[in-house]
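[1] Below is the sequence, then the predicted model.
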Amino acid sequence: MTYRLLFLLNDAPFFVTHRLPLAIAAQKAGFEVHVSVPYDEQAVRTIRGAGIIHHDVPLRRGARGFLGELKLLKAYWQLIGGLRPELLHAVTMKPVLYGGLVARLRRVPAVVHAITGLGYLFLIEGVLARLQRTVVMVLYRIALAHPNLRVVFQNPDDLTLFAQRRVVRPGSHTIIRGCGVDLEDYAPTPEPPEPAVVLFPARIIGDKGVREFVNAARMLREEGSDAIFRIAGRLDADNPTDVGAETVRRWQSEGWIQWRGYLTDMPAAFAACRIVCLPSYREGLPRVLIEAAACGRPIVTTDVPGCREVVQDGGNGILVPARDANAVADALRTLIADGSLRQKMGAKGRERAATEFSSERFVAESLDAYRAVLGGTLPIKDQVI
C-alpha cells in the first residue's frame, strides 16, 4: 500500500526552504507526497522537479474577508475529499485551522500540525485584539481535537500557552526545534575585511525589529562607526507591520543602512558579514538564526520565544530586550569592537548548530511524529533519510 501524504502551507517558497528535505525523505520512506500551496512559478518548478505533486489553493497570506475564507475552506474540502490522504501535515495558522477542521470532518486517519509561531495577532494589545485571540484559540481547539494527531511546537513558550488554555491534549504534542539546516551548505568562512558588516536577514516588517535595527545603526553611525548595516529581506505588504518601500529607501538615502533586497544565496550573505542581528518581537524558531550560527557568525537577537532557543546569551551571541534599540546598539558596539569575542561566539554557534539543529535531526524527528500517528511504522520500515 502506498500512503498519501498531503502538506498544507500558505507559501510555496517557504515550503521549499523549510520543508522540502522532509518531503523528499518522506518519498524515500514510501509516501506519495502532495503539497497544497499558492502558486509561485519558481518554487512550484522546484517542487515538481523533486517529484512532488503540487495543488494550487486560493490562500493569500495576510488576506482577510469572509468570502476568501469560505473559498479556502471549500478548496480544502474538495482537495482532501478527493485525494483522501492517509496523513495530513499542516503548517502555519490558516492551514492548521482550516485544514484541521476539514481533516476531522473528512475523517483523515492521521494528522500532524506544526505551530510555527503565533504572529502579529499575539503581539498587539487592546480589547479587539484580545477578542480575536480568544476566537483564534477556540478555532485552534476545534482544529486540534482530531483523535489521532501530533501537534509540533518549535519552542516551549508556545506549547505552554496552548497547554494552559487547554487547546492541546496531554500526550498529543512534541517539540521539534526549528526545521534544521544543511551543515555543508551553511559552513563557517573567515571574516571579511574591514569595515564590519552587520546583517539583518529577514522580512522588512516591524515585528522583526527592523526599526530597532535601523535606529541602532543610526546611533552607531552618528558615533562615528564605519560599520555597514545591511538589510537582506523583502517587503511584505500582506503583513500589517510592513514598513513599505518608501521608508526603506529613505533609511538608505540617509546613510543608515544598505538594502540588498531578497537574497537567495544566504551562505554568501553570511560570509560577507561579521555579525547577524534579528531584534524580533516573537518567533516560532527562526531558521535564519540557525543558518547564521551554522556559518559561525555571532548573533544579536532578542530574549523572546523562538530566538532564545537558538542563541545562548554570552555563548553564541547576545540577547537583548525586545523593542529596545539602545540595547541593540550596545550589543552591536561590543561585537564590532571585539574580534576575539566574535570568533569565540561564532565557534560556539557552529557547535550548537551541528549538535542541535541539523537538517538530518529535523527530518528524523518529523518522521518520528509521522510514525507516532501511523501506528509505529512508515510505508517502508527501513526508510532512507
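    Sure thing, it's come through.
[2] in the stretch 201-350 of the chain, what spans have low per-residue confidence?
    Low-confidence segments of the stretch 201-350 of the chain, defined by pLDDT under 70, are absent; every residue clears the threshold.
[3] switch the cut-off to 90
    Counting by pLDDT under 90, the stretch 201-350 of the chain contains low-confidence ranges at 236-241, 261-262, 264, 282, 284.
[4] where do the strands sit along it?
    Per DSSP state E, counting those that start in this stretch, the stretch 201-350 of the chain has strands spanning 228-231, 258-259, 275-278, 299-302, 317-320. These are given in chain order.
[5] tell me what the third one is packed against?
    If contacts are counted by 3 or more C-beta pairs under 8 Å, 6 or more residues apart in numbering; DSSP states H and E, strand 275-278 sits against strand 197-200, helix 287-294, strand 299-302, helix 325-337. (C-beta placed from N, C-alpha, C; glycine too.)
[6] if we go to 6 Å?
    In this structure, strand 275-278 packs against strand 197-200, strand 299-302, with contacts taken as 3 or more C-beta pairs under 6 Å, 6 or more residues apart in numbering; DSSP states H and E.
[7] nearest to Arg107, of these?
    Minimum separation from Arg107 across the helices and strands packed on strand 275-278 (C-beta to C-beta) falls at strand 299-302, 42.4 Å.
[8] Mind giving me the packing neighbours of that closest one?
    Taking 3+ C-beta pairs under 6 Å, 6+ apart as the contact definition, the neighbouring helices and strands of strand 299-302 are strand 275-278, strand 317-320.
[9] and the gap between the residue lying farthest from the centre of the chain and Val328?
    In the chain, the residue that sits farthest from the middle, by C-alpha atoms, centre = their mean, is Gly224; the gap is 35.1 Å. Per C-beta to C-beta, to the nearest Å, Gly224 is found 18 Å from Val328.
[10] okay if I get the helices and strands packed on strand 299-302 as CSV plus distance to Leu374?
    Supplementary listing: the helices and strands packed on strand 299-302 in CSV, determined by distance: least, C-beta to C-beta, whole Å:
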stretch, distance to Leu374
strand 275-278, 36
strand 317-320, 38
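[11] Same list, those strands, but as JSON lines with mean neighbour count and distance to Glu32 please.
    Rendered in JSON lines, the data for these read as follows (neighbours: other C-beta atoms under 10 Å; distance: least, C-beta to C-beta, whole Å):
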{"stretch": "strand 275-278", "mean neighbour count": "28", "distance to Glu32": "37"}
{"stretch": "strand 317-320", "mean neighbour count": "26", "distance to Glu32": "42"}
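[12] Identify whichever of those lies nearest to Gly206.
    Go through the helices and strands packed on strand 299-302 one by one with C-beta to C-beta and the one that ends up closest to Gly206 is strand 275-278, at 13.2 Å.
[13] can you list contacts of that closest one?
    Applying C-beta atoms under 6 Å, 6 or more residues apart in numbering, the set of residues contacting strand 275-278 from outside is 198-200, 202, 213, 292, 297-301, 335.
[14] one more time with 7 Å
    196, 198-202, 208-209, 213, 270, 286, 288-289, 292, 297-301, 307, 328, 332, 335, 342 (C-beta atoms under 7 Å, 6 or more residues apart in numbering).
[15] ok, now stretch 340-348?
    Contacts of stretch 340-348 from elsewhere in the structure, counted by C-beta under 7 Å, 6+ apart, are 188, 274-275, 296-298, 315-317, 335.
[16] Go again with 8 Å.
    Contact with stretch 340-348 is made by 188, 191, 274-275, 296-299, 312, 315-317, 334-335, as judged by C-beta atoms under 8 Å, 6 or more residues apart in numbering.
[17] what's the answer for stretch 15-27, then?
    Taking C-beta under 8 Å, 6+ apart as the criterion, the residues outside stretch 15-27 that touch it are 5, 7, 9, 33, 35, 37, 43, 46-47, 50-52, 91, 179-180, 182, 287, 359, 362-363, 366-367, 370, 383-385.
[18] Now do the domain split for this protein, please.
    Here the chain is described, according to automatic domain parsing, as comprising the domains 4-180+359-373, 197-356.
[19] which of the ones you listed is buried the deepest?
    Of those, the one with the most neighbours on average (mean count of other C-beta atoms under 10 Å) is domain 197-356, at a mean of 20.
[20] Now the terminal residues of that domain, how far apart.
    For domain 197-356, the first and last residues are 27 Å from each other (C-alpha to C-alpha, to the nearest Å).
[21] And for stretch 175-188?
    By C-alpha to C-alpha, the extent of stretch 175-188 from end to end equals 27 Å.
[22] Against Met266, how distant is the residue most central in space within the chain?
    Within the chain, the residue whose C-alpha comes closest to the C-alpha centroid is Pro286; the distance, by C-alpha atoms, centre = their mean, is 4.9 Å. Plainly put, Pro286 is 12 Å away from Met266 if you go by C-beta to C-beta.
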